[in-house]
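Enquirer: sequence unknown, structure follows:
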């Protein structure tokens, strides 16, 4: 049983989306681990969400491929630590295990306990340092410090499916915590345009999608109008950025994006650090 009532429901919905890619004849990625966390209960929970926004499946799948690609790239460049913020049912510590690379996942204790139990029950070493806590309220740097993290090592942060549910001060706190403490870092994260939050797109479809998420109890509360300025404020640079619509066309040539909202939903990678003089 998935015990959805004890684990953030959106984690199961995202996992159900990721799992569907395994059924494709030419999948964008392969995730042989994620199905261990899923069952009929999680499928029913996901289906309830998909009734309101079926296009979410595609957005999660292309987002997963983008983040996987950047993780592979940074591991090849010698990054030795990976931190997954609000990890949910992320499986990269297992799928992307690499000698000499330490993985850290931060999330609530029930989510991490559920993951660990399911992996161990199936004979899989999680290969990750689980950190139960709130990476905002509990201070990200302090959580990492208490769990064997080495701030001198180049580190890649994965921050997926989180920022839209936060506020400007929380996002700034996280990025400042990374930039002020790491010698060298990169962070891949997704975000929505500020125009979505302020209902200034002029498009009824996008306004309706935002309203449906709010009605489901998961309102979007934060958007970005200037990602370059956000990066510059912490001494970082934007090294990559795509809208989900652009990724859709990049990974699935010939297919048309399922929703106009993907023009307002972005994913990017920043690089920087106290030792970065470039």
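Expert: Looks like it came in fine. Here the structure is a predicted model, which means the values were calculated and not measured.
Enquirer: Please identify the buried residues of stretch 77-94?
Expert: Neighbour-count burial for stretch 77-94, counted by 16 or more other Cβ atoms under 10 Å, picks out 79-94. The C-beta positions use only the backbone N, C-alpha and C, and glycine is treated the same way.
Enquirer: Mind checking which of these land in strands?
Expert: Among the buried residues of stretch 77-94, the members falling in strands are 81-85 (criterion: DSSP state E).
Enquirer: TSV please, covering those residues and showing distance to residue 60.
Expert: Below are these laid out as TSV (distance: Cβ to Cβ, whole Å):
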residue	distance to residue 60
81	25
82	20
83	20
84	15
85	17
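Enquirer: quick revisit: which of the buried residues of stretch 77-94 sits closest to residue 55?
Expert: Distance ranking of those against residue 55, using Cβ to Cβ, places residue 88 first at 19.7 Å.
Enquirer: quick one: that closest one from residue 199, how far?
Expert: Taking Cβ to Cβ, to the nearest Å as the measure, residue 88 falls 28 Å from residue 199.
Enquirer: just residue 147 next, same as before
Expert: Per Cβ to Cβ, residue 147 is found 41 Å from residue 199.
Enquirer: who's more crowded, these two?
Expert: residue 147 (15 against 12; other Cβ atoms under 10 Å).
Enquirer: give the contact list for that one.
Expert: 104, 129, 131 (Cβ atoms under 8 Å, 6 or more residues apart in numbering).
Enquirer: excluding its backbone neighbours, what's nearest the second one?
Expert: Leaving aside its chain neighbours, residue 129 sits nearest to residue 104 (4.8 Å; criterion: Cβ to Cβ, 6 or more residues apart in numbering).
Enquirer: what secondary structure does that neighbour sit in?
Expert: strand (DSSP: H, G, I helix; E, B strand; the rest coil).
Enquirer: Go ahead and confirm it touches residue 149.
Expert: Yes. Using Cβ atoms under 8 Å, residue 104 is in contact with residue 149, at 6.3 Å.
Enquirer: Report the buried residues of stretch 260-274.
Expert: 261-273.
Enquirer: Save those residues as a markdown table, and put in distance to residue 139 too.
Expert: As requested, those are exported to a markdown table (distance: Cβ to Cβ, whole Å):
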| residue | distance to residue 139 |
| --- | --- |
| 261 | 33 |
| 262 | 34 |
| 263 | 36 |
| 264 | 32 |
| 265 | 29 |
| 266 | 27 |
| 267 | 26 |
| 268 | 24 |
| 269 | 24 |
| 270 | 21 |
| 271 | 23 |
| 272 | 20 |
| 273 | 19 |
